[in-house]
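Student: Here is a sequence together with a model predicted from it:
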Amino acid sequence: MASDDVWILGITMTKFGKHPTKDVIDLAAEATMGALADAGVTMREMGLLAFGSLMGRASGQMLQKQVGQTGIPVYNVSNACATGATALRVCHMAIRAGDADFGLAVGVEKLAGAGLLAGGSRGDDSKNWTPSGRFGAVGPIDGRIGTETMPGVFAQIGLEYGHKYGGTSFELFAKISEKNHAHSTLNPLAAYSKRFTLDQIMNDVMIAYPNTRPMCSANCDGAAAAVLVSDAKLKTLSLEQQRRAVKVSASVLTTDPWEEACQVLPNVNTLTRQAATQAYEKAGIGPEDLDLVELHDCFATAELVHYDNLMLCPEGGAVDFFNSGATWRDGKTPVNVSGGLESKGHPIAATGIANVWEVATHLRGEAGDRQLPDARVGLAHVIGLGNACGVHILERAAA
Amino acid sequence: MPQPIPFVEYLVLGDSPHLVANECTACGARFFDRRNACANCFATGFRKVDIATEGEVRAFTIVSLAAPGIPVPFVSATVDCAGTSVRANLINIDPTPEAVHVGMKVRLALQPVGADGSGVEAVNFGFEPQR
C-alpha cells in the first residue's frame, strides 16, 4: 500500500563560492541536471518546477529554456532566506495534493562580492523635509533610528537572548563561529573551508558587535536542486532508487505571529518554535532523536537562539547546551557539520535546499570525510526575515 | 526662525518631548506606523497613546559597517519603555561594549538632524543613559 509520504529521490548542490564564468542560469542548470541524474529521471517526468532566485532576475522559465521545456507549471517563489525551503514546500504540497508524481525544486543565487544585502545603501535627504512612508519620516531612517543591516539585527537578537537568560558574551558567540569554521574544513563544497582560532575570529573586522566578519554568513554564488517523488511512484522505481531515497517526514512553513515588539525588532523565535513543534508532531520524532541539524546560522548570534527555538535544549538553556560541546560534530546533536552559512556560504535562495542536501547526504551515508556515523534522522531549518521559517525533517529509507 | 519639525510623525516635540503610538482600541496592541488594521486582532480602531520616556535597553548592537553616509560606529537598540518596545539609536554614549549593556536604564533625548533647503530643522530622537 502506498502512503501519502513524499520522498527526496535526487538532490544536489553546486560548489558554493565564486563562479565568475557562470551566470545564474548556468548554476541553476548544473544543480538541476545534477539532481535529475542523482534521481535517475529526466525533465520529462517532472510534474512541476518550483524555482527561487531572490536577488537576480531569473525565473524557472529561463531555466526550462536551458534544460527542458515540457509545459509543466512553474512556481517562481520568493520568501527571503527561506526561498529554497519554500520551493521544496511547494513541490511537497503539489505531490501531497495528487497534482504531480514528481516535483523539481531549485534555488540559485549569485552573490559573490556583494556587501550588505539590507541597509547597504541609503537614499539622500530631500531638499525640503517632507514626511513620507508609514512612519511619516522626513528622511531615511537607517542609522538614525536603529539599524536595518542584517548583522546588526541578528546581533540584537543574540544579545536579547542573553538579556533574558544570561550567560552570553562576545567570546561565546565567537566560539559558535569557531565550531562552524572547524566543521567546514571537511566540506569540499563550502565557500570557505579554513579553520580560525578564537583569537582570529574575535580580532577580525567588527561588523556589528558582537558579530565580526567570520561570524557573518558568507555571500557567495551557488545553487541547489531536489527531485521529490510520491510514495506510490517511488514504489515503481528501482530498488537502488528506493534505497537512496530520503523520506520527507515533515515539511513546514510558518510566519511570525504578532507579539509585542515583533514589528520593532524581528522576532525569529516564535515562528521557528512553531515550525519545529509542527514538524516534530507530523514526523512523530522528537529533538532527542535527531542525528544532525542544519540550522540557519546567518550570524553566530542567530545559531544560539535556534538551539532553543528548535528545542534542542531546555528553554533558556542554549548557552549551557553549546558549552557542553553538544553541537560539535562529535557531540550529542551535531549542528551545522557542513560549516554552516558562516563558512559554507549563503547564496540566499539556494540555502533552503542546500541544507536539506547536507542532511540527506549524511542519511544516505554518502558524506565522505565528514560522514556522521549511522545518521538516520536529521532536521534542516531556515529563516527568512520578514519573516518566514522552513523546517524539514528527513529520515533514511528503512531498507 | 521656522519651527523645527519631528524626524518621524510619532515623535512629539515641544516642552515635554515624547513618542506616541497607535494603540488598538480592541486589544491594546501598539504600533508606530500608519495602520490599516491591527496585526494582532484585525480590528480597525486606534487611539493615540503617549509612550513612557524612560526605559531599559533590552537588546543592542554597535554597528561598525553601514551604508555610505551613515556615521559609524553607532549604537542601535531595542528599548523597553514600560512595556512598549521602541527601536532607536543610543546617543550621548560611548559606542563601545564597555559603555553599553543590556538592562541599562535610558531616557528619551533629542538630536538635531539638520536643516533643509528652506532652513527648517528636523529633530530626531534617541535614548541616552539616565544619570
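Tutor: Done, it's in. Everything numeric in this text was worked out from a predicted model, so none of it was measured. Residues are numbered from 1 along each chain as shown, chains lettered A, B, ... in the order given.
Student: now the strands: where do they sit in the chain?
Tutor: Here I'm looking at chain A. Assignment of strands within chain A using DSSP state E yields the ranges A:6-13, A:48-52, A:74-77, A:102-109, A:206-209, A:211-212, A:222-230, A:246-254, A:292-294, A:377-384, A:388-396.
Student: Wait, chain B was what I had in mind.
Tutor: Under DSSP E, chain B gives strands at B:5-6, B:11-12, B:18-24, B:30-31, B:46-51, B:54-63, B:74-81, B:84-90, B:105-115, B:121-129.
Student: Relative to A:Phe173, which of those is closest?
Tutor: The closest approach between A:Phe173 and any of the strands of chain B, judged by CB to CB, belongs to strand B:54-63 at 11.5 Å. (Glycine included, C-beta is placed from N, CA and C.)
Student: List the buried residues in the closest one.
Tutor: B:Gly55, B:Glu56, B:Val57, B:Arg58, B:Ala59, B:Phe60, B:Thr61, B:Ile62, B:Val63 (16 or more other CB atoms under 10 Å in any protein chain shown).
Student: got the contact list for the second one?
Tutor: By that I understand B:Glu56. B:Val79, B:Asp80, B:Gly103, B:Met104, B:Lys105, B:Val106 (CB atoms under 8 Å, 6 or more residues apart in numbering or on different chains).
Student: ok now do the first one, which residues does it touch?
Tutor: Residues counted as contacts of B:Val79 (CB under 8 Å, 6+ apart) are B:Gly55, B:Glu56, B:Val57, B:Arg58, B:Ser85, B:Val86, B:Arg87, B:Ala88, B:Val106, B:Phe127.
Student: what's the closest non-adjacent residue to it?
Tutor: B:Gly55 (4.3 Å; CB to CB, 6 or more residues apart in numbering or on different chains).
Student: The fourth one too?
Tutor: Computed as CB to CB, 6+ apart, the closest residue to B:Met104 that is not its neighbour in sequence is B:Val57, at 4.9 Å.
Student: Surely the one you found and B:Val106 touch.
Tutor: Yes: because the distance of 5.9 Å satisfies CB atoms under 8 Å, B:Val57 is recorded as touching B:Val106.
Student: Overlap of the contact sets of these two?
Tutor: Common neighbours of B:Val57 and B:Val106 (CB under 8 Å, 6+ apart) are B:Ala77, B:Val79, B:Leu90, B:Phe127.
Student: just curious, which of the contacts of B:Glu56 is nearest to A:Arg273?
Tutor: Once CB to CB is applied, the member of these that ends up nearest A:Arg273 is B:Asp80, at 21.2 Å.
Student: tally of neighbours for that closest one?
Tutor: 21 (other CB atoms under 10 Å in any protein chain shown).
Student: Pretty sure it sits against B:Glu54.
Tutor: No: contact criterion CB under 8 Å: B:Asp80 and B:Glu54 do not qualify, at 10.2 Å.
Student: Would you enumerate the residues in contact with the nearest residue to A:Lys18 once chain neighbours are set aside?
Tutor: Using CB to CB, 6+ apart and skipping residues adjacent in sequence, the residue nearest A:Lys18 is A:Ala112, 4.4 Å away. Residues in contact with A:Ala112 (CB under 8 Å, 6+ apart) are A:Gly17, A:Lys18, A:His19, A:Pro20, A:Asn219, A:Cys220, A:Asp221.
Student: Tell me who's in contact with the fifth one.
Tutor: Going back to what we said before, that points to A:Asn219. Contacts of A:Asn219 were listed using CB under 8 Å, 6+ apart, and they are A:Leu111, A:Ala112, A:Gly113, A:Ala114, A:Gly115, A:Leu117, A:Gly345, A:His346, A:Pro347.
Student: burial measure for B:Glu121, as a count.
Tutor: 15.
Student: What's the separation between it and B:Glu128?
Tutor: 20 Å (CB to CB, to the nearest Å).
Student: what about stretch A:169-180, near chain B?
Tutor: Yes: Stretch A:169-180 reaches chain B (CB under 8 Å from any CB of the partner chain) through A:Phe170.
Student: Can you point out the buried residues in that stretch?
Tutor: By 16+ other CB under 10 Å, the buried positions in stretch A:169-180 come out as A:Phe170, A:Leu172, A:Phe173, A:Ala174, A:Lys175, A:Ile176, A:Ser177, A:Glu178, A:Lys179, A:Asn180.
Student: and if you look at stretch A:303-312?
Tutor: By neighbour count on 16+ other CB under 10 Å, the buried set for stretch A:303-312 is A:Glu303, A:Leu304, A:Val305, A:His306, A:Tyr307, A:Asp308, A:Asn309, A:Leu310, A:Met311, A:Leu312.
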